[in-house]
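A.B. asks: Structure here, sequence nowhere to be found:
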């Protein structure tokens with residue numbers, strides 16, 4: 001597995017580089033946006049995951065995340081000293097897969113990296129049956145079952161559930177959900193409509209819609225299905 005690490009603090013970058021290689025990762029280390037974009041332009045198809053510091057001397061990790069997501073679906077994790085809601089939500093809206101706040105333990109970072117890679121590996125495998133708690137989605141049939149009994153969903157409810165099912169364990173912001181529904185359906189769905197559809201999905205799928213365990217709310221960030 002090859003990791004692109006972009007960190008302007010050379011001491012931190014050196015320590016991370018050593019630790020990642022000790023864990024059998026191959027690494028490319030850059031210290032600014034310009035050199036990272038050059039690497040991405042030349043080796044994008046060889047990189048498995050990116051670690052971007054948010055604050056860089058000639059730009060930010062946001063710039064690099066946009067650059068990556070415009071041309072691929074490579075996972076991105078932000079390394080940030082800013083653990084406030086605005087920065088986190090901005091990164092997630094941009095397509096980042098996770099973030100970790102400095103200072104962090106190397107074992108925690110390695111765990112986050114492996115978790116994101118597992119999610120991407122699962123998504124890369126074509127699934128015909130997806131199980132989430134008591135719910136089973138059969139994508140070949142286009143049907144959803146709860147405790148073995150078919151649940152009737154509208155087309156948009158089904159598409160929304162599929163988005164969650166294909167991103168198990170990942171926090172999805174409201175903007176990400178709206179963009180994905182628009183991309184798939186070509187229909188206009190606004191923020192209020194999304195709220196209504198999530199409420200309807202919970203009423204049909206959850207044992208207790210007031211205390212959801214399938215479509216969970218992550219306060220201040222969005223929604224998450226599974227671990």
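C.D. replies: Sure thing, it's come through. Because the structure is predicted, anything quoted here is derived from the model rather than measured.

A.B. asks: switch to C-alpha atoms for all contacts and neighbour counts from now on
C.D. replies: Will do.

A.B. asks: So the chain: which segments form each domain?
C.D. replies: 2-124, 129-225 (automatic domain parsing).

A.B. asks: Would you format these as JSON lines with mean neighbour count included?
C.D. replies: What follows is those, written out as JSON lines (neighbours: other C-alpha atoms under 10 Å):
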{"stretch": "domain 2-124", "mean neighbour count": "17"}
{"stretch": "domain 129-225", "mean neighbour count": "16"}
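
A.B. asks: now those domains in TSV, with mean pLDDT?
C.D. replies: As requested, these are exported to TSV (pLDDT from 0 to 100):
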stretch	mean pLDDT
domain 2-124	88
domain 129-225	87
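
A.B. asks: Show me how far stretch 193-206 is from its chain's centre.
C.D. replies: Averaged C-alpha coordinates place stretch 193-206 at 21 Å from its chain's average position (C-alpha atoms, centre = their mean, to the nearest Å).

A.B. asks: need the contact list for the residue nearest the centre of the chain.
C.D. replies: Note on the chain: the residue nearest the mean C-alpha position is residue 97, at 3.2 Å, using C-alpha atoms, centre = their mean. Neighbour list for residue 97: 75, 76, 77, 116, 170, 171 [criterion: C-alpha atoms under 8 Å, 6 or more residues apart in numbering].

A.B. asks: Same check on residue 28?
C.D. replies: Going by C-alpha under 8 Å, 6+ apart, the list of residues near residue 28 reads 2, 3, 4, 5.

A.B. asks: what does residue 49 give?
C.D. replies: With contacts defined as C-alpha under 8 Å, 6+ apart, residue 49 is in contact with 2, 3, 4, 74, 75, 76, 77, 117.
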